[in-house]
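Visitor: based on what follows, work out the 3D shape:
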Amino acid sequence: MWAEKLGKQLGHPTRSVAGWLVSRFLTARNRILEENAVKLSGIQPGDTVLELGHGPGLGLQSAAKLLTEPTGHLIGVDYSEYMHQMANERLKELIASGKVTLHHCDVAAMPLADSTVDKVFHCNCYYFWPDLRKGAAEIRRVMKPGGLMVTTLRLSNVAAFAAKRVMPGENWRPEAYMAALRDSGFSDVNMEDKQSNHITFQAIYATALK
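Guide: Residues are numbered from 1 along each chain as shown. Presented below is the predicted three-dimensional model:
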């Protein structure tokens, strides 16, 4: 029972004691993954950048610092209203300036125009999507041809959660996600081991087909 409740909160934190604890957990454990996802994305000053499942907004903060040109724009989406509100508060000045736009929505149904995003990044996110192929297809739809997407995760932690049935099904497996990306129109899909602050993590790369 506890595993099911934890899984629901990890995938969709709510404004509750459990949701608050999960938000603290995400802030502490995801910081390195978020910062490295931003760094590995190769964000340029004038890019339009999208973060999926932005959580409390740590990755958004890092990415916003790189978008120094007037055309640089940052978009965040999250299915959790609680996380959406937390990120809104954290980034309220950037939102007011028009540099950042946040959407409370499903990754599989984003209110974005076709072929408008240069870079996409996310961490500890895809294994909570109900349908990997729908999510991957929607990401491909909004990306410009040749755009890069980067996913970061700690596979050892994900596998441990999956073993405790915190994550349902087999969506947590990187192979399943990478297959969905290829089927949805991504090329050069691969996973690499990386290290940061003596922590080993994985990065999945995919390029939107031209």
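
Visitor: going by C-alpha atoms from here, please, whenever you check contacts or count neighbours.
Guide: Noted.

Visitor: now do the strands in this protein.
Guide: Along the chain, counting by DSSP state E, strands occupy 48-52, 73-78, 100-104, 117-123, 143-153, 186-196, 199-208.

Visitor: tell me the angle of the second one relative to strand 48-52?
Guide: If I follow you right, that is strand 73-78. Counting by axes from the mean of the first three to the mean of the last three Cα atoms, to 10 degrees, strand 73-78 lies at 10 degrees to strand 48-52.

Visitor: coming back round to it: out of the strands of the chain, which is closest to I32?
Guide: strand 186-196 (7.3 Å; Cα to Cα).

Visitor: CA-only coordinates of that closest one in PDB, if you can.
Guide: Only the C-alpha atoms of strand 186-196 are listed here, as PDB (Å, rounded to 0.1, in the frame of the first residue of the first chain):
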ATOM      1  CA  PHE A 186      13.800  10.500 -33.400                       C
ATOM      2  CA  SER A 187      17.200   9.500 -34.600                       C
ATOM      3  CA  ASP A 188      20.600   9.000 -32.900                       C
ATOM      4  CA  VAL A 189      18.800   7.600 -29.800                       C
ATOM      5  CA  ASN A 190      21.400   6.400 -27.300                       C
ATOM      6  CA  MET A 191      22.200   6.200 -23.600                       C
ATOM      7  CA  GLU A 192      25.500   7.100 -22.000                       C
ATOM      8  CA  ASP A 193      26.900   6.700 -18.400                       C
ATOM      9  CA  LYS A 194      27.900  10.100 -16.900                       C
ATOM     10  CA  GLN A 195      29.500  11.200 -13.700                       C
ATOM     11  CA  SER A 196      29.000  14.400 -11.600                       C
END
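
Visitor: coming back round to it: export the strands of the chain as JSON lines, with columns for mean neighbour count, mean pLDDT and distance to L40.
Guide: Output for the strands of the chain, formatted as JSON lines (neighbours: other Cα atoms under 10 Å; pLDDT from 0 to 100; distance: least, Cα to Cα, whole Å):
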{"stretch": "strand 48-52", "mean neighbour count": "26", "mean pLDDT": "98", "distance to L40": "13"}
{"stretch": "strand 73-78", "mean neighbour count": "24", "mean pLDDT": "98", "distance to L40": "16"}
{"stretch": "strand 100-104", "mean neighbour count": "19", "mean pLDDT": "98", "distance to L40": "20"}
{"stretch": "strand 117-123", "mean neighbour count": "26", "mean pLDDT": "97", "distance to L40": "9"}
{"stretch": "strand 143-153", "mean neighbour count": "23", "mean pLDDT": "97", "distance to L40": "7"}
{"stretch": "strand 186-196", "mean neighbour count": "15", "mean pLDDT": "97", "distance to L40": "10"}
{"stretch": "strand 199-208", "mean neighbour count": "20", "mean pLDDT": "96", "distance to L40": "8"}
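
Visitor: all set, thanks.
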